[in-house]
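[1] return atomic coordinates for the entry below.
(4 chains)
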There are 2 protein chains.
Amino acid sequence: MSGPVTIGEAARATGVSAKMIRYYEETGLLPPAGRTESGYRLYGDEDLHSLRFVRRARDLGFSVEDIAGLLALWHDRARASSEVKAMALHHVADLRRRIAELEAMARTLASLADHCSGDTRPDCPILDDLAAGPSPTPRRPDRRKPSPR
Amino acid sequence: MSGPVTIGEAARATGVSAKMIRYYEETGLLPPAGRTESGYRLYGDEDLHSLRFVRRARDLGFSVEDIAGLLALWHDRARASSEVKAMALHHVADLRRRIAELEAMARTLASLADHCSGDTRPDCPILDDLAAGPSPTPRRPDRRKPSPR
DNA sequence: TGTGGGGCTTCCCATGGTGGGAAGGTCAAG
DNA sequence: CTTGACCTTCCCACCATGGGAAGCCCCACA
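    Predicted coordinates for the structure are as follows:
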């Protein structure tokens, strides 16, 4: 039951760096912290709670902007859970989309690497593909000949 | 057939924006383009080829820094394909790591949303979790079809 | 030959989160 | 009172990208 703590202790206690705590305050995600007479920021239990909330939401990949919305809902005791659920599901969809993109890259690249001997010879389908463009899609009408210049 | 083209045409032809073409030149990824007497940049076939190479590598998620390495290997006729393959596989590993992170987020969030009624009541396990922090035991939401409930 | 519009140049600014670091004030222990 | 750990603000950097302003340049058309 210690009283309010300084920013460093708040950082240690919540896993949010002091830099980021100030940043969140500056950008309005969190309300301005209280101050000592000499200007030190002070954080009470509720502030620490908020910081942990933000930390957790960041860990789940929410943008700071989205977290502002989540915080508002968190503080609104009359909120409808459907709103929160909608945000969560929207974010899940977003994550899945990004995952699909990365997976497409990884698949393509792994397949290219699979066809690459990986020895001391210079032949390399990976570079060939990079130079020629995507293989699955028929490459664009190449008006030029692969001129040996 | 057609001689060197201006930056706008190069952009259209390669899918790399004029902005980015200048940026790549500025940062040394690509050599300075030729210029007309009045200062316009000019791009020949080989330059366009390089631009497409960069574009393709970006599409596969390589960082600009990595692409510098790939370009160097591309231009080195004596390169060993093992070097290229190593870079590719390293990048694949990186992609897989990021995918795993995003998947963990999506899984957690989807499971939270699954337990949320999503109606007009304010009760919401999603916010509860955000407020309370990660579940103490990293419980594995079963990956199979959720049992009918 | 003049003019209009579109393309080119450079330069600066912003994004999103995060870290680094300098210059200077504050606090507590010795 | 000194020392060292902490705090403050302010500026800079990252990465890759886009926006936009101010000012040339080039071409086609009248």
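[2] quick one: the helix or strand harbouring A:Leu109 to chain centroid distance?
    According to DSSP states H and E, A:Leu109 maps onto helix A:81-114. Taking CA atoms, centre = their mean, to the nearest Å, one finds helix A:81-114 lying 12 Å from the centre of the chain it belongs to.
[3] can that helix be found next to chain B?
    Yes. On the criterion CB under 8 Å from any CB of the partner chain, helix A:81-114 is in touch with chain B at A:81-82, A:84-86, A:88-89, A:91-92, A:95-96, A:98-99, A:102-103, A:105-106, A:108-110, A:112-113. Every C-beta, even on glycine, is put in place using the N, C-alpha and C of the backbone.
[4] quick one: buried ones out of those?
    Neighbour counting by 16 or more other CB atoms under 10 Å in any protein chain shown classes A:81, A:84-85, A:88-89, A:91-92, A:95, A:98-99, A:102, A:105-106, A:108-110, A:112-113 among the residues of helix A:81-114 next to chain B as buried.
[5] for A:Ala10, what are its contacts?
    A:Val16, A:Ala18, A:Ile21, A:Arg41, A:Tyr43, A:Asp47, A:Leu48, A:Leu51 (CB atoms under 8 Å, 6 or more residues apart in numbering or on different chains).
[6] so A:Leu42 sits in a helix?
    No. Assessed with DSSP: H, G, I helix; E, B strand; the rest coil, A:Leu42 is strand; it does not lie in a helix.
[7] you'd agree it is up against A:Val5?
    Yes. Under the criterion of CB atoms under 8 Å, A:Leu42 makes contact with A:Val5 at 7.0 Å.
[8] need the residues touching each of these two.
    Both A:Leu42 and A:Val5 lack any common contact, where contact means CB under 8 Å, 6+ apart.
[9] for chain A, give me the ranges with low pLDDT.
    Along chain A, segments meeting pLDDT under 70 span A:1-2, A:133-149.
[10] need phi/psi at the residue nearest the centre of chain A.
    For chain A, A:Gly61 is the residue whose C-alpha lies nearest the centre (CA atoms, centre = their mean; 4.8 Å). Backbone torsions for A:Gly61, taken as degrees, to the nearest 10, come to phi 90, psi 10.
[11] quick one: residues contacting the spatially closest residue to A:Leu42 that is not a sequence neighbour.
    For A:Leu42, ignoring the flanking residues on the chain, the nearest one in space by CB to CB, 6 or more residues apart in numbering or on different chains is A:Pro4 at 3.9 Å. A:Pro4 makes contact with A:Gly34, A:Leu42, A:Tyr43, A:Gly44, A:Asp47 under the criterion CB under 8 Å, 6+ apart.
[12] derive a ChimeraX selection command for the buried subset of these.
    Burial among those is assessed by 16+ other CB under 10 Å; the matching ChimeraX selection reads:
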select /A:42,43,47
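[13] now the contacts of A:Pro4 as CSV including distance to A:Arg55?
    Formatted as CSV, these follow (distance: CB to CB, whole Å):
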residue, distance to A:Arg55
A:Gly34, 20
A:Leu42, 19
A:Tyr43, 13
A:Gly44, 17
A:Asp47, 13
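[14] out of the contacts of A:Pro4, who's nearest DNA strand C?
    A:Leu42 (11.2 Å; CB to the nearest atom of the strand).
[15] name the residues linked to that closest one by a beta bridge.
    Beta-bridge pairing of A:Leu42 under DSSP bridges involves A:Gly34.
[16] buried residues in the one helix or strand A:Ser50 maps to, which are they?
    A:Ser50 belongs to helix A:45-59 when assigned by DSSP H and E. For helix A:45-59, a neighbour-count test (16+ other CB under 10 Å) marks A:47-59 as buried.
[17] what's the angle between it and helix A:81-114?
    Counting by axes from the mean of the first three to the mean of the last three CA atoms, to 10 degrees, helix A:45-59 lies at 40 degrees to helix A:81-114.
[18] what sits against A:Lys60?
    Quick fix: residue A:60 is Leu, not Lys. Taking CB under 8 Å, 6+ apart, we find A:Leu60 in contact with A:His91, B:Met105, B:Thr108, B:Leu109, B:Leu130.
[19] how about 10 Å then?
    Taking CB atoms under 10 Å, 6 or more residues apart in numbering or on different chains, we find A:Leu60 in contact with A:66-67, A:70, A:88, A:91-92, A:95, B:104-106, B:108-109, B:112, B:126, B:129-130, B:134.
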